[in-house]
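[1] I need the structure of the sequence given here:
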Amino acid sequence: MKTLVRLLFCFTLSIAAAATTFGQKSDWVSSYNTLLGKYVTSGGVKYAEWKANAGDMQAIQAVVDGISKENVSAMGKQQQLAFYINAYNAWILHEALGKYPTKSVKDALFTFFTGKRITVAGQQMSFNALEKDTIRSKFNDPRVHFALNCASRSCPPLNRTAFSGDKLDGQFEALAKGYVNSEHGVKFNAATKSAELSKIFDWYKDDFKAEGGAIAFINKRRSSPLPADAKISYQDYDWGLNEAK
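    Model (predicted):
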C-alpha cells in the first residue's frame, strides 16, 4: 500500500511539473506572438513605438526570461528547432531595443553577436554560438537562414508569428520562397543575364550543398528560375537597423 501511495505521489508531481513547464512555455510564446503582431511590419520593426511602451518592454523581458528557463529535453526535434529560432529572434529584439536608438546593432568587432550576452534553456551563450553550434550544426536545414533575423536591413524579414514545431516546415518554405523571389534575395537582370544574390548565399554556401548548391536551392523556389549561364555576384550587406519608418 505504501508503495502504491508513493508511486501515485510521484506521478502527481511529474504531471504538475509538466503542466508548469507547459504553462510557462505557453505564456512566453503567447506574449511573444502578441508583440510580433503589434510591432513587426513588412517594412521592419517599430522600435521607437515599442521602446516608448513600458508595459511592452516588460513583456519582451518576460519573453526572454521564459526562454532562459525553458526545458528542451522533452521536446521533439522540430519543436527544439522552432524554440531555438524563436530564442534567437526574441533575444535579438530584446538586445536591439536595449541599444535603441541606434543606427545598427553591429559594432566594429561584431561583439554584439560574439559576446555571451544571452541565456537559452539555462545556458549562457552568444548569438553566434546559438546560430552556428546549435541551429545550423544540429539541425542541418539551410532554410533557417530565412527564419533568423539579425535586426539588420539585409536580413530576411522577421516573421510576424512565432515558429512552432507542427507548422515549421510550412513556415520555413514560405519564408525561403518569399526571400528568393524578392530583390533582397535575388536581383536578376534579364538583359545582362546577371544575378546579384544575397550575401547569405555566399557566406553560408556550404549549408546549401545538400540541395545541390545555392542556385539549385533558389531555382527550386523561384517563380522564374535563374538561367544556367547567369553571371552570379553578391549584394553588399546592409547592417543598418531594420527599423520601420
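
[2] Tell me where the model's unsure across the protein.
    Scanning the chain for pLDDT under 70 picks out 1-26.

[3] quick one, helices of it?
    Here the chain has its helices, by DSSP state H, at 2-39, 47-51, 54-69, 77-99, 111-114, 127-129, 137-139, 168-180, 200-203, 214-221.

[4] Single out the most deeply packed of those.
    Stretch with highest mean neighbour count among the helices of the chain: helix 77-99 (a mean of 21; mean count of other C-beta atoms under 10 Å). (C-beta placed from N, C-alpha, C; glycine too.)

[5] what angle do that helix and helix 168-180 make?
    Orientation note: helix 77-99 sits at an angle of 50 degrees relative to helix 168-180 (axes from the mean of the first three to the mean of the last three C-alpha atoms, to 10 degrees).

[6] Not including adjacent chain positions, what is the nearest residue to the residue sitting nearest the centre point of the chain?
    The residue lying closest to the centre of the chain (C-alpha atoms, centre = their mean) is L148, at 3.0 Å. Nearest residue to L148, sequence neighbours excluded (C-beta to C-beta, 6 or more residues apart in numbering): Y88, at 5.6 Å.

[7] in stretch 105-120, what's buried?
    By 16 or more other C-beta atoms under 10 Å, the buried positions in stretch 105-120 come out as V105, K106, F112, F113, R117, I118, T119, V120.

[8] Between the residues you listed, which sits nearest I60?
    Minimum distance to I60 across those is 12.9 Å, recorded for I118 (C-beta to C-beta).

[9] Quick check: bridge partners of that closest one?
    Taking DSSP bridges, one finds M125 as the beta-bridge partners of I118.

[10] so who does it touch?
    Shown in contact with I118 (C-beta atoms under 8 Å, 6 or more residues apart in numbering): V64, A87, W91, E95, Q124, M125, S126, F127, L130.

[11] Against A244, how distant is it?
    As judged by C-beta to C-beta, to the nearest Å, I118 and A244 stand 24 Å apart.

[12] One more: A176?
    Counting by C-beta to C-beta, the separation of A176 from A244 is 23 Å.

[13] what's the nearest residue to Q80 if we skip its chain neighbours?
    For Q80, ignoring the flanking residues on the chain, the nearest one in space by C-beta to C-beta, 6+ apart is V72 at 5.3 Å.

[14] ok, now how distant is that neighbour from N140?
    Distance from V72 to N140, by C-beta to C-beta: 18 Å.

[15] Could you check which of those two has the larger neighbour count?
    V72 (13 against 10; other C-beta atoms under 10 Å).

[16] how far away is the more buried one from Q78?
    According to C-beta to C-beta, V72 and Q78 sit 12 Å apart.

[17] circling back: now the buried residues of stretch 105-120 in JSON lines, with distance to F208?
    JSON lines is the format used below for the buried residues of stretch 105-120 (distance: C-beta to C-beta, whole Å):
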{"residue": "V105", "distance to F208": "26"}
{"residue": "K106", "distance to F208": "24"}
{"residue": "F112", "distance to F208": "26"}
{"residue": "F113", "distance to F208": "21"}
{"residue": "R117", "distance to F208": "29"}
{"residue": "I118", "distance to F208": "27"}
{"residue": "T119", "distance to F208": "31"}
{"residue": "V120", "distance to F208": "26"}
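
[18] Out of these, the closest to S164 would be?
    Each of these was checked against S164 using C-beta to C-beta; the closest is V120, at 17.3 Å.

[19] Could I get the contacting residues of the closest one?
    V120 is in contact with I67, S68, E70, Y84, A87, W91, L130, counting by C-beta under 8 Å, 6+ apart.

[20] Could I get the contacting residues of the closest residue to the fourth one other than its chain neighbours?
    Spelled out, it's Y84. With C-beta to C-beta, 6+ apart as the criterion, Y84 has its nearest non-adjacent residue at 5.2 Å, and that residue is I135. I135 sits next to L81, Y84, I85, Y88, V144, L148 when contact means C-beta under 8 Å, 6+ apart.
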